[in-house]
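**Student:** could you work out the structure for the sequence below:
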Amino acid sequence: MKLSGKLHIPNYIKSKASFGQQDAEEKWLKIKDAIEHIYDENASSLSYQVLYTCGYQIVLHKHGELLYSGVERTLKQYIQGLRAIIMQHHDEVFLKKLLEQWEKHRTAVSMVRDILMYLDRTYVKTHQKMSVYTLGITLFGKEVFTQDTLTRIQRLLMGIIHKDRNGEDIADGFLLKDIIQMMLQISKTEVYEPHFEQEYLKRSREFFVAEAQEYFENSTATDYLKRVKERLRSERERASRCMDPSTRIKIENLIKKCMIEEYQFLIIEKPGSGCRVMLENWKLDELALVYEFLGLVPSALKPCLELVNSYTREKGFAVIKDEGKDAKPMELIEDLIMLREASDELLDRSFSHYQPGSQQRVCDKDFTLGIRDTWNEIVNEHERFPEYLSLYIDSKLKKGKQQINENEFDQLFNQVIALFRHLRDKDIFERYYKTHLAKRLLHDKSQSDEAEKSFISKLKNEFGFHFTTKLEGMFADMRISQETNDRYKTFMQRNSSEEESQLNAAPPIDLSVQVLTTGFWPVTQMVSVSVPPHIADTVNAFEKFYLDAHSGRRLTWQYNMGSADVRMNGFTKSYELSVSSFQMLILMLFNENSELTYQQVLDGTKIPAKDIKRNLLSLTVKTTAHDRVLNRPKGVKTISSNTVFSTNDKFKSKKVKVKIAPVVIKQDAQQVAQTQEKVDEERKWQLDAAIVRIMKMRRVLAHRDLILEVTKQMSSRFMPSPDSIKKRIESLIERDYMGRVIEGEHAYEYIA
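**Tutor:** As a prediction, this is how the structure comes out:
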């Protein structure tokens, strides 16, 4: 039968008057005969043009019902015969024969549809009937898919799926797909869902429940999850290949329910292989598997999240609360750095996922927040943590045994900042860091200025320029001081050759002065000491030079922060002692006296008692590198006003240049309290400034809103309590910076 070529309709068929009921029945018989030939697979002798013309004439002359009902009866009669043929086959070939008849029927109906195309375009559309093709498919479903046929199909399909799940070979891999697609095409709601999907989901639930129970009891948590992973993969693949998309979603949800949700707590707690054991043995890939599958079920990750937070807290508190670590603060910080890096590794490798449409992995939000909050607890558990963290950086940045290579600085800074982010009282760290930085800069102990500036830059990027303004000011002072010293030396060299210089004579001492800006540096005391005349002349010369260049400024000399190189003669060779400014003043007294009492040294220098003792004692210490510079009575442990100190005439040293460091007194509880007191005082002024700044901008503000705004602004430096803010508000009201709104007691107004 030819289905192509141009169609020519003779003119005579356009006349309606000559075409009656009998003519329509005759034309229908031709079409019926053609349908029988088509089903007998003998359509090659049929003329498409003739048959199309017959259908066209019947419909055109208002006999469409005759044609449509005739086609329906003919198809129904043929399909009824097909069912008997199909049902006589045994199970091994039943589905295959069913598919053969289905494909034969679809082909035949397609050809009938082509013949009756005009019927579909006009009569079917006008009378809201099913198209010829749809009619053929529907009739096949009604006549072939009777209850006994559907029961048989369902049983055989469930058998194929069961074999596939158990890994057995299936003779025809496409049979399952083709049968299910046939059911879908006939009717999703009347055939596929009630006679396949419902039974499929029911049996799947039974299978998944039994498989999960058996495998979980006889395997580790990891092996169980691998089994679930494989089961989910295979079920997805089968559903995607053979079934309706909605069925795939249902089967996935069923696996999640039966094999994941029901076992979420058991996976965490399973003895010998649960998540606790995975953490203890650091099996990050296995934890990633837990995250991948528990994450498929809403809220199923919550027990795992709580376990990770608890484990992290336990490990962190074991370090931070170890009393033995107080004597080894460097070890405490190093242990915490290792733990913090372990937490990052845990997040990156176990609790992260790919962003949709990207190859970049991102850490899970809930686990990230949980780890952050846990580390906030750990870091802020120890009140001296800010001090220890600053000491740790100090030990790495200053010259000495613990200094590190320059290529390790960046890693060090990232490690420190990772801990520093969790610190609540960042201003306490700042105070300690300023003190340690000042010592490194003033005593030339810093290993690398570039490294120092790099760390400050990282702090600035992380916490804002307000946090590092004073630290950057310290470096600016050092740079300007170097330029000032260079100009001073040039000035002195130029004037030393003049007979009448404005300074009368060039001082005999090589002086280098660091001019520090008040407020940038941690100047803790203003010390007035007795200085030898030739040193005083040198100091006065520099002061005159500086003040001539900077009128209106005032210099206050901080001898407690200085250092000096002193040449010591009278031995087999000359030695150069590197000492503090206080030690220099002490040694100057022994130029004229071979021995002095403690009281005489105290009176001669005017150095405060707490400073003079540690500086004086350091001169009486013998080390492996050099003898003691001064002698003191043997067996005397407590220094009194009558304790005598004398020069050591037998002094020897392996090196010509000898470093005499003052005795380091460990910071005691009283000093820690004093530091905290100073920090608290600074916080008062910072809170005052924040409150005034907010009120000046807002003019009128409710008490609660003011508390929240101040807390938000201060949180980058420290976390103020509502009570402390309230006290500062009261203080500002007393000083007429602001007042209470008359209409209510819980709001304030700014007073210009």
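**Student:** low-confidence regions, this protein specifically.
**Tutor:** Scanning the chain for pLDDT under 70 picks out 1-17, 171, 173, 401-402, 496-508, 524-525, 662-674, 742-745, 752.
**Student:** top helix in the chain by residue count?
**Tutor:** Longest helix of the chain, by residue count under DSSP state H: helix 465-496.
**Student:** tell me what that helix is packed against?
**Tutor:** helix 426-442, helix 449-463, helix 533-549 (3 or more Cβ pairs under 8 Å, 6 or more residues apart in numbering; DSSP states H and E). C-beta here means a position set from N, CA and C on the backbone, and glycine is covered the same way.
**Student:** what's in contact with the helix or strand containing Leu150?
**Tutor:** Using DSSP states H and E, Leu150 maps to helix 147-165. Residues from elsewhere that reach helix 147-165 (Cβ atoms under 8 Å, 6 or more residues apart in numbering): 83, 86-87, 91, 94-95, 98, 145, 169-170, 175-176, 179-180, 183, 191, 195-196, 199-200, 203, 207, 234, 238.
**Student:** ok, then the element right after it?
**Tutor:** Next in sequence after helix 147-165, counting helices and strands by DSSP H and E, comes helix 175-186.
**Student:** that following helix: how far from the chain's middle?
**Tutor:** Counting by Cα atoms, centre = their mean, to the nearest Å, helix 175-186 is centred 48 Å from the centre of its parent chain.
**Student:** CA atoms of that helix as CSV?
**Tutor:** This file holds the C-alpha atoms of helix 175-186, laid out as CSV (Å, rounded to 0.1, in the frame of the first residue of the first chain):
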residue,chain,number,x,y,z
LEU,A,175,11.3,-6.9,27.8
LEU,A,176,10.6,-5.1,31.1
LYS,A,177,10.9,-1.7,29.5
ASP,A,178,8.8,-2.5,26.5
ILE,A,179,5.9,-4.0,28.5
ILE,A,180,5.8,-1.1,31.0
GLN,A,181,5.9,1.5,28.2
MET,A,182,3.0,-0.4,26.6
MET,A,183,1.0,-0.1,29.8
LEU,A,184,1.8,3.6,30.0
GLN,A,185,0.7,4.2,26.4
ILE,A,186,-2.6,2.4,27.0
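**Student:** can you give me the angle that helix makes with helix 147-165?
**Tutor:** Relative orientation of helix 175-186 and helix 147-165, computed by axes from the mean of the first three to the mean of the last three Cα atoms, to 10 degrees: 140 degrees.
**Student:** and helix 175-186, what does it pack against?
**Tutor:** Using 3+ Cβ pairs under 8 Å, 6+ apart: helix 175-186 touches helix 91-115, helix 132-144, helix 147-165, helix 221-242.
**Student:** that one: what's the following helix or strand?
**Tutor:** Assigned by DSSP H and E, the successor of helix 175-186 is helix 198-217.
**Student:** buried ones in that following helix?
**Tutor:** For helix 198-217, burial by neighbour count (16 or more other Cβ atoms under 10 Å) applies to 200, 204, 207-208, 211-212, 215-216.
**Student:** same check on stretch 220-232?
**Tutor:** Along stretch 220-232, these residues count as buried under the neighbour rule (16+ other Cβ under 10 Å): 220-222, 224-228, 231-232.
**Student:** got the contact list for the spatially closest residue to Ser457 that is not a sequence neighbour?
**Tutor:** Leaving aside its sequence neighbours, Ser457 sits nearest to Thr468 (Cβ to Cβ, 6 or more residues apart in numbering; 8.0 Å). Thr468 makes contact with 456-457, 459-460, according to Cβ under 8 Å, 6+ apart.
**Student:** for the residues you listed, give me TSV that also has distance to Val515 and neighbour count.
**Tutor:** Listed next are the contacts of Thr468 as TSV, based on distance: Cβ to Cβ, whole Å; neighbours: other Cβ atoms under 10 Å:
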residue	distance to Val515	neighbour count
Ile456	20	19
Ser457	24	13
Leu459	25	23
Lys460	24	16
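**Student:** and of those, the nearest to Gln600?
**Tutor:** Nearest to Gln600 out of the contacts of Thr468 is Ile456 (Cβ to Cβ; 45.3 Å).
**Student:** ok, and what's touching stretch 318-325?
**Tutor:** By Cβ under 8 Å, 6+ apart, stretch 318-325 touches 331-332, 335-336, 339, 378-379, 381-382, 385.
**Student:** re earlier: report the angle between the longest helix of the chain and helix 449-463.
**Tutor:** Helix 465-496 runs at 150 degrees relative to helix 449-463, counting by the same axes, to 10 degrees.
**Student:** give me the neighbour count for the residue nearest to Gly141 when sequence neighbours are not counted.
**Tutor:** Spatial nearest neighbour of Gly141, excluding adjacent residues (Cβ to Cβ, 6+ apart): Ile186 at 3.7 Å. Residue neighbour count, defined by other Cβ atoms under 10 Å, stands at 19 for Ile186.
**Student:** mind putting the helices and strands packed on helix 175-186 into JSON lines with distance to Thr517?
**Tutor:** Below are the helices and strands packed on helix 175-186 laid out as JSON lines (distance: least, Cβ to Cβ, whole Å):
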{"stretch": "helix 91-115", "distance to Thr517": "92"}
{"stretch": "helix 132-144", "distance to Thr517": "91"}
{"stretch": "helix 147-165", "distance to Thr517": "79"}
{"stretch": "helix 221-242", "distance to Thr517": "62"}
